[in-house]
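# Sequence below, structure please.
(2 chains)
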There are 2 protein chains.
Amino acid sequence: MTIVDRQWARVPLPAEFLSRISARFGDRFTQSRPILEQHGSNESHFEQSLPDGVIFARSTEDVVALVNLCADFGIPITPYGAGTSMEGNAMPIHGGVSLDMSQMDKVIAVNAEDFDCVVQPGVRREELNVHLRDQGLFFPIDPGANATIGGMASTRASGTNAVRYGTMKDAVLSLQIVTPQGKVIRTARRARKSAAGYDLTRLYVGSEGTLGIITEVTLRLHPVPDTISAAVCSFDTLGGAVDTVVQSIQCAVPLARVEILDKKQMVAVNRWSKLDYPEAPTLFFEFHGSAANVAEQVETVKTLAEANGGSAFSWSNLPEERTKLWRARHEAYYAAVNMRAGAIGWATDVCVPISRLAECIAETHVDLDASSVPATILGHVGDGNFHLIFSIDPDAPDEMGEVEAINARLVERALAMDGTCTGEHGIGIGKQEWLVAELGDAVEQMRMIKRALDPQNLLNPGKIFEIS
Amino acid sequence: MTIVDRQWARVPLPAEFLSRISARFGDRFTQSRPILEQHGSNESHFEQSLPDGVIFARSTEDVVALVNLCADFGIPITPYGAGTSMEGNAMPIHGGVSLDMSQMDKVIAVNAEDFDCVVQPGVRREELNVHLRDQGLFFPIDPGANATIGGMASTRASGTNAVRYGTMKDAVLSLQIVTPQGKVIRTARRARKSAAGYDLTRLYVGSEGTLGIITEVTLRLHPVPDTISAAVCSFDTLGGAVDTVVQSIQCAVPLARVEILDKKQMVAVNRWSKLDYPEAPTLFFEFHGSAANVAEQVETVKTLAEANGGSAFSWSNLPEERTKLWRARHEAYYAAVNMRAGAIGWATDVCVPISRLAECIAETHVDLDASSVPATILGHVGDGNFHLIFSIDPDAPDEMGEVEAINARLVERALAMDGTCTGEHGIGIGKQEWLVAELGDAVEQMRMIKRALDPQNLLNPGKIFEIS
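Below is the predicted model of the structure:
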């Protein structure tokens, strides 16, 4: 079986394939070592795994041509966006071609009256928001990193705004997909809702490029609120912070963002971003609405925070204060990892029902206190999703194993609380055994879908699960 | 091929099957004519199509036993909830067994702190809200009819609250499914979000019982707002009403409900519900929030309405006024159909980008003016989704054909505007050709999924598409 041989044995690309791909793509196909290394790396703790070549696509037609060519030779294709995913999702572990989408970076249309836009998958979220700014619209999904829209759709990303605006499953209205058979399909029209057959949009969102290649994304947008306020509040305990959030949601406060950072994370943030926040468990808030409504939200939350041991509640409508706060939040991962020079980062990603969040964090803290590897806690507390950020010494032989064990206990704890092993990073190569622990026989349904839509196992093979 | 024969030729159920099903289900399996007729009927214009038998399930184990038995004999299974679907979605057009879920009507758990609940699929939405009332929570999805939760999940239902609270795709957190192979799977944990593999939850939501049978639903709930106001406003033109809604959304007013009714629909509503609203294009609104915030929303919308030719804007916080308004809205379908005694109803269901809504309605009005069949227009204007309600004389031989032609032109108009042939009723048997017109080759992807997950074509065969 040629195909299986290619995928597993990583034999060199066949000469005829090389000649045909070069004829079609010219210097947009490369096997240069630095570019292979860039596309085989990751922002987390996985070992590098190089592709055999990299293609820079510029159009849907490019993608169709590549898929047809790779199908002829059984060469795997792994789509690549900004390389910011956390579970090795874009690493070409079975070799083949890394399909770099970053040059497909056009905003094709903004339909302001419909609150939507159509973009190529290589557009990055920050650039999209710059593009939208003068139309009074914004795209809310914010995973921290300046990821591409295609990559965010592929991993079902979310982040700080999800408590109010949802995740990529809510933000994507429609996708253009190139199938493993080289067909171009569109999963939905631009209507705001539809009951037209199976929800292919939501099937491809989060499928990590294993079922089809995203070549266009229609996104739901939101009007920029009249007033945006940011607030910070320190707490005696993490539990008090969590309770404040639960009670705020019970009071129907439409929190736009609410992030929890533990004491160690605040120390890291202060050091990295040169700030002087109190070094205690902290909530970062954002409120969206009319001026009067935001003032009312702030008042409600402030009262609840104070009743739960919150102090130094400070809030501001000033954009520069807000920017300072969220820059610090976005740099939190790097701040935590860089508490030790030269360290490797590892971000865990469980999400539990919010009623179990305080307990889950408390039990995890006990585990961390006994660990020799420094770690911080931060998370999207309104969703019950939190991350540990480990700062691992690459030269200390035991640290990686220690972190693996803590992560395993963390995931088991979350699953026992009816939570998930991944709130937003996806399965990639890092969470495959946990996916099975979480969903059991449902994973076999996923495999049946994969085998049906991609019988050659051409697209991003080895991600989410292996196909035997 | 025995299976194909059974499905298409509608031969009687085999004696051995009858003996085994009676042994397992006793008098919960029936072939009594009135019950067959009830399960072969529909609320719309399709001809009756009887099952060969009806099963009343009481547990997931019942469903597993039925699936295994039917798989052995190749007997189709069509799940049945409240029978309120509009596109023949629950009609057993290939015969076999109608699986009545209405006795699986327990609320299994309410997790108030997590804003979710777990229910059996036969629970009806109104009963669920009665159950939730004293916990300060509500389930917002409201398709008008008092449908079952399982049926609503299966058709991806929405309705009046979708503009703020989304559709069943947003409301369902997780499903328990019996697969065509008789396995029981769960699609997700109870965490508020997850990136764990393919989004099976969203794949089953809207799949109309063709991929698996829903035996448990975990639903997202919302806190009952502090203040709920209802408002009514008449307009000189439908266009003025639509513009008011578009501008309200642009001003970020978080409308909880906004419904449009044309002049004829208002005449029907007044007559049926014995009311005296002005007989002109009308918007029904509902606002949710704190007292101050609701007052602010009402003020903004009132100002916009007046600028768009709105008059007699009246609003109220009184529950009895609100109940009157929404009862009238929920009875609108029956009010419209019953403008003629003994008439058959037919509700169309297109949804277009909101920027095209006024134009789509205006062009449709021209078509209706030339028709001899009475019809009204009403819809969920915040989503761009509207319905024509035809009142068809069953004894007038040309009327059904005339309505078919108007519906065809309506769907073509909506598709030309990048809309969908169904905003919320599903494909069933009524929209299959339009599904192909709308999504083209994407329908083949759906078929590949159906073939992979249900290779015997056991579950609700002939719905969404035929499998050749």
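# distance of the residue nearest to residue A:251 when sequence neighbours are not counted from residue B:432?
Residue nearest to residue A:251 in three dimensions, not counting chain neighbours: residue A:300, with 5.7 Å by C-beta to C-beta, 6 or more residues apart in numbering or on different chains. To be clear about C-beta, it is placed using only N, CA and C from the backbone, and glycine gets the same treatment. Residue A:300 is 50 Å from residue B:432, where distance means C-beta to C-beta, to the nearest Å.
# Can you name every helix or strand that the strand or helix carrying residue A:21 contacts?
Using DSSP states H and E, the element containing residue A:21 is helix A:15-25. Packing contacts for helix A:15-25, counted by 3 or more C-beta pairs under 8 Å, 6 or more residues apart in numbering or on different chains; DSSP states H and E, involve strand A:53-56, helix A:60-73.
# what comes up buried for the host helix or strand of the residue nearest to residue A:251?
Assigned by DSSP H and E, residue A:300 belongs to helix A:291-307. For helix A:291-307, a neighbour-count test (16 or more other C-beta atoms under 10 Å in any protein chain shown) marks A:293-298, A:300-305 as buried.
# Nearest spatial neighbour of residue A:248, chain-adjacent residues omitted?
Excluding its sequence neighbours, the residue lying closest to residue A:248 (C-beta to C-beta, 6+ apart) is residue A:301, at 5.2 Å.
# Go ahead and confirm the one you found touches residue A:285.
Yes: when contacts are counted by C-beta atoms under 8 Å, residue A:301 is listed as touching residue A:285 (6.5 Å).
# Give me the common contacts of those two.
Contact with both residue A:301 and residue A:285 is made by residues A:231, A:255, according to C-beta atoms under 8 Å, 6 or more residues apart in numbering or on different chains.
# OK, contacts around the residue in the stretch 351-468 of chain A that chain B sits nearest to?
In the stretch 351-468 of chain A, the residue found nearest to chain B is residue A:452; the distance is 3.4 Å by C-beta to the nearest C-beta. Residue A:452 makes contact with B:448-449, B:451-452 under the criterion C-beta under 8 Å, 6+ apart.
# what does the stretch 351-468 of chain A put close to chain B?
With C-beta under 8 Å from any C-beta of the partner chain as the criterion, the stretch 351-468 of chain A meets chain B at residues A:351-355, A:383-385, A:414-415, A:418-427, A:431, A:434-435, A:438-446, A:448-449, A:451-453, A:464-465.
# those helices in the stretch 51-200 of chain A, which residues are they?
With helices called from DSSP state H, counting those that start in this stretch, the stretch 51-200 of chain A shows them at A:60-73, A:125-132, A:149-155, A:162-165, A:168-171, A:200-204.
# Just name the most buried of those helices.
Most buried of these by mean neighbour count (mean count of other C-beta atoms under 10 Å in any protein chain shown) is helix A:149-155; its value is a mean of 30.
# That one close to chain B?
Yes: contact of helix A:149-155 with chain B (C-beta under 8 Å from any C-beta) involves residue A:155.
# name the element residue A:462 belongs to?
Assigned by DSSP H and E, residue A:462 falls within no helix or strand.
# Now for the nearest residue to it once chain neighbours are set aside: which residues touch it?
Nearest residue to residue A:462, sequence neighbours excluded (C-beta to C-beta, 6+ apart): residue A:93, at 4.8 Å. Contacts were defined as C-beta under 8 Å, 6+ apart; by that measure residue A:93 touches A:49, A:429, A:461-463.
# While we're on the residue in the stretch 101-250 of chain A that chain B sits nearest to, how confident is the model there?
Residue nearest to chain B within the stretch 101-250 of chain A: residue A:202 (3.4 Å; C-beta to the nearest C-beta). Confidence at residue A:202, expressed as pLDDT, is 98.
# My guess is residue A:347 contacts residue A:332. True?
No: Residue A:347 is not in contact with residue A:332 according to C-beta under 8 Å; the separation is 10.1 Å.
# Mind listing the shared neighbours of the two?
Overlap of the contact sets of residue A:347 and residue A:332 (by C-beta under 8 Å, 6+ apart) consists of residue A:389.
# More neighbours: which of those two?
Neighbours per residue, other C-beta atoms under 10 Å in any protein chain shown: of residue A:347 and residue A:332, the larger number sits with residue A:332, 24 against 21.
# for residue A:306, what are its contacts?
By C-beta under 8 Å, 6+ apart, residue A:306 lies in contact with residue A:313.
# try residue A:414
Contacts for residue A:414 (C-beta under 8 Å, 6+ apart) come out as A:350-352, A:360, A:420-421, B:191.
# where in the stretch 251-400 of chain A is pLDDT low?
Counting by pLDDT under 70, not a single residue of the stretch 251-400 of chain A qualifies.
# Could you check how far residue A:78 is from chain B?
From residue A:78 across to chain B, the span is 17 Å (C-beta to the nearest C-beta, to the nearest Å).
# Make sure that residue is actually in contact with residue A:99.
Yes: using C-beta under 8 Å, residue A:78 is in contact with residue A:99, at 6.7 Å.
# quick revisit: would TSV of the helices and strands packed on helix A:15-25 with mean pLDDT and distance to residue A:187 be doable?
Output for these, formatted as TSV (pLDDT from 0 to 100; distance: least, C-beta to C-beta, whole Å):
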stretch	mean pLDDT	distance to residue A:187
strand A:53-56	98	24
helix A:60-73	98	14
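# Turn those into CSV, including distance to residue B:167.
Putting the helices and strands packed on helix A:15-25 into CSV (distance: least, C-beta to C-beta, whole Å) gives the following:
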stretch, distance to residue B:167
strand A:53-56, 38
helix A:60-73, 29
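# Look up the closest residue to the residue of the stretch 101-250 of chain A closest to chain B, ignoring the ones flanking it.
The shortest distance from residue A:202 to any non-neighbouring residue, by C-beta to C-beta, 6+ apart, is to residue B:202 (3.4 Å).
# my guess is that neighbour meets residue A:168, correct?
No: Residue B:202 is beyond contact range of residue A:168, at 11.9 Å (criterion: C-beta under 8 Å).
# tell me the domain ranges of chain A?
Here the domain parsing of chain A from automatic domain parsing is A:2-102, A:107-223, A:226-333, A:340-431.
# which one of the ones you listed is the most hemmed in?
Mean neighbour count, computed with mean count of other C-beta under 10 Å, is highest for domain A:107-223 among the domains of chain A, reaching a mean of 23.
# Any idea how far apart the tips of that one sit?
For domain A:107-223, the separation between the terminal residues is 18 Å (C-alpha to C-alpha, to the nearest Å).
# tell me how far it is from the chain's mean position?
13 Å (C-alpha atoms, centre = their mean, to the nearest Å).
# Check stretch A:102-109 too.
Between the centre of stretch A:102-109 and the centre of its chain there are 20 Å (C-alpha atoms, centre = their mean).
# what's the spacing between the residue nearest the centre of chain A and residue A:389?
Central residue of chain A (C-alpha atoms, centre = their mean): residue A:157, 3.7 Å from the mean position. Using C-beta to C-beta, residue A:157 is found at 17 Å from residue A:389.
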